[in-house]
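Enquirer: sequence unavailable; structure follows:
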């Protein structure tokens, strides 16, 4: 019999019942609980909640991602784990995984948003016009992705028509991003774009937050405009230059 509840409403109701202490479901037929004593240990509420799938018949993608990311002991293993992760629908529409570029172990790690058409084709983040602008921005403060910068994105697969990533897509891929940062071991994170700001810091409003220092994943974070945005809004390059100078001063120990 249909309950009339959609999946997400039913899940929320089930989680609420678990929180109240419900650990067993009611079947269609009555059960005489007094005929046979129940000697089995009752599961803890946390165990029951963890057993609730994110979708009917499927494991929770976030939990799967957390386990896969935790098991990666190197960047190569992390890439393999991401390649094997099949719970994100973006993977089915993308040409290939876009993992990273630059120098692993560099002091500066840049986190962009998601691959575009050029990145999807070449398998590297920040290529095409936006990547060329980024390279010029870095060169202006004596940085070079081939020598002292490491670059990745929040999402490794291109969203269709370059749409904004959905919250659930960001949520399931964030464990891989956190592990990526831990394995790369940078000193400073440069977060570029509003989507990246939301994913890393849980905040939106890059025009208001850019140029400010924050903390995430145990590291200092500076927020900047995405190069693709600067291509559309070249009048904002003055603010981007100020942010680059702030990063340069931090690297020199001047701020």
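Expert: Great, that's in hand. What you are looking at is a predicted structure, and each value in this text was computed from that prediction instead of being measured.

Enquirer: every contact and neighbour count from this point should use C-alpha atoms.
Expert: Fine.

Enquirer: now the helix or strand that contains residue 242: buried residues?
Expert: According to DSSP states H and E, residue 242 maps onto helix 237-251. Buried residues in helix 237-251, defined by neighbour count with 16 or more other CA atoms under 10 Å: 237, 240-241, 243-244, 246-248.

Enquirer: need those residues in a markdown table with distance to residue 174, can you?
Expert: Output for those, formatted as a markdown table (distance: CA to CA, whole Å):
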| residue | distance to residue 174 |
| --- | --- |
| 237 | 29 |
| 240 | 26 |
| 241 | 29 |
| 243 | 25 |
| 244 | 26 |
| 246 | 27 |
| 247 | 25 |
| 248 | 28 |
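
Enquirer: and the lengthiest helix in the chain, which residues are buried?
Expert: Longest helix of the chain, by residue count under DSSP state H: helix 167-184. Judged by neighbour count using 16+ other CA under 10 Å, the buried positions of helix 167-184 are 169-181, 183-184.

Enquirer: let me see the contact set for residue 152.
Expert: The contact partners of residue 152, by CA atoms under 8 Å, 6 or more residues apart in numbering, come to 99-101, 109-112, 125.

Enquirer: now with 6 Å, please.
Expert: By CA atoms under 6 Å, 6 or more residues apart in numbering, the contact set of residue 152 is 100, 111.

Enquirer: and it, which helix or strand is it part of?
Expert: Taking DSSP H and E as the criterion, residue 152 maps to strand 149-153.

Enquirer: now do residue 241 against residue 105, distance only.
Expert: Using CA to CA, to the nearest Å, residue 241 is found at 25 Å from residue 105.

Enquirer: now stretch 92-106: mean pLDDT?
Expert: Mean pLDDT, stretch 92-106: 96.

Enquirer: how far does stretch 83-101 stretch from start to finish?
Expert: In stretch 83-101, first residue to last residue: 16 Å (CA to CA).

Enquirer: go on, stretch 195-210?
Expert: 13 Å.

Enquirer: centre of the chain to it, how far?
Expert: Relative to its chain's centre, stretch 195-210 lies at 13 Å (CA atoms, centre = their mean, to the nearest Å).

Enquirer: contacts for it, please.
Expert: 112-113, 194, 223-224.

Enquirer: keep only those of those residues that are in helices.
Expert: Those of those lying in helices (DSSP H): residue 194.

Enquirer: can you redo the contacts of stretch 195-210 as CSV with pLDDT and distance to residue 150?
Expert: Below are these laid out as CSV (pLDDT from 0 to 100; distance: CA to CA, whole Å):
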residue, pLDDT, distance to residue 150
112, 97, 11
113, 97, 15
194, 95, 20
223, 97, 16
224, 97, 16
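
Enquirer: nearest to residue 139, of the contacts of stretch 195-210?
Expert: residue 224 (16.0 Å; CA to CA).

Enquirer: so who does that closest one touch?
Expert: With CA under 6 Å, 6+ apart, residue 224 has these contacts: 192, 210.

Enquirer: quick check: bridge partners of it?
Expert: Under DSSP bridges, the beta-bridge partners of residue 224 are residue 192.

Enquirer: any idea how far it is from residue 121?
Expert: As defined by CA to CA, residue 224 lies at a distance of 25 Å from residue 121.

Enquirer: cool, residue 183 as well?
Expert: Applying CA to CA, the value for residue 183 to residue 121 is 26 Å.

Enquirer: residue 201 now?
Expert: 29 Å.

Enquirer: going along the chain, name the helices of the stretch 51-200 of the chain.
Expert: Ranges of helices in the stretch 51-200 of the chain, per DSSP state H, counting those that start in this stretch, are 61-70, 75-84, 90-93, 117-122, 128-139, 167-184, 194-201.

Enquirer: now distance to residue 160 too, for these, in TSV please.
Expert: Shown next, in TSV, are the helices of the stretch 51-200 of the chain (distance: least, CA to CA, whole Å):
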stretch	distance to residue 160
helix 61-70	20
helix 75-84	18
helix 90-93	7
helix 117-122	9
helix 128-139	18
helix 167-184	13
helix 194-201	16
